[in-house]
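Participant: No letters, just coordinates:
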């Protein structure tokens, strides 16, 4: 907790990953809930269980929820490389 350099670097890397995912979602025409955390939530046009199965088939783990009469995905931020893998899987699954 006292390692300020580590905390600053972690925040910077988390923000870079989050901005990459934002850009990917915008490119795909998907709205998202802006976040200052280590995850992003966005609506999906697919039933949650089917979405999870398809993402898992691409070796990507996410969460799916249903609320406000919509299906939603919650993705936690990882390294930029991990988020690139997520983006590639998302583009295959939500075609």
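Facilitator: All right, it came through fine. All of these numbers come straight from a predicted model, not from anything done at the bench.

Participant: just checking, next helix/strand downstream of the single longest helix found in the chain?
Facilitator: The longest helix of the chain (DSSP state H) is helix 4-27. For helix 4-27, the following helix or strand on the C-terminal side (DSSP states H and E) is strand 39-44.

Participant: for the record, mean pLDDT for the following helix or strand past that next one?
Facilitator: Reading on from strand 39-44 to the C-terminus, the next helix or strand found by DSSP H and E is helix 48-57. Helix 48-57 carries an average pLDDT of 97.

Participant: Contacts for helix 48-57, please.
Facilitator: 44, 46, 61-66, 71-73, 89-90, 92-93 (CB atoms under 8 Å, 6 or more residues apart in numbering). Where you see a C-beta, it was placed from the backbone N, CA and C, and this is true even at glycine.

Participant: So how do I select the buried members of these in ChimeraX?
Facilitator: Per 16 or more other CB atoms under 10 Å, the buried members of the contacts of helix 48-57 correspond to this ChimeraX selection:
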select :44,62,64,71,72,73,89,90,93
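
Participant: Which members of the contacts of helix 48-57 define the maximum pairwise distance?
Facilitator: The span of those, defined through CB to CB, is set by 66 and 92 at 22.2 Å.

Participant: so where's the protein uncertain?
Facilitator: Within the chain, no stretch has pLDDT under 70.

Participant: So for it, the centremost residue is which one?
Facilitator: Closest to where the C-alpha atoms of the chain average out (CA atoms, centre = their mean) is residue 75, at 3.4 Å.

Participant: tell me the contacts of that one?
Facilitator: 21, 39, 40, 41, 62, 63, 86.
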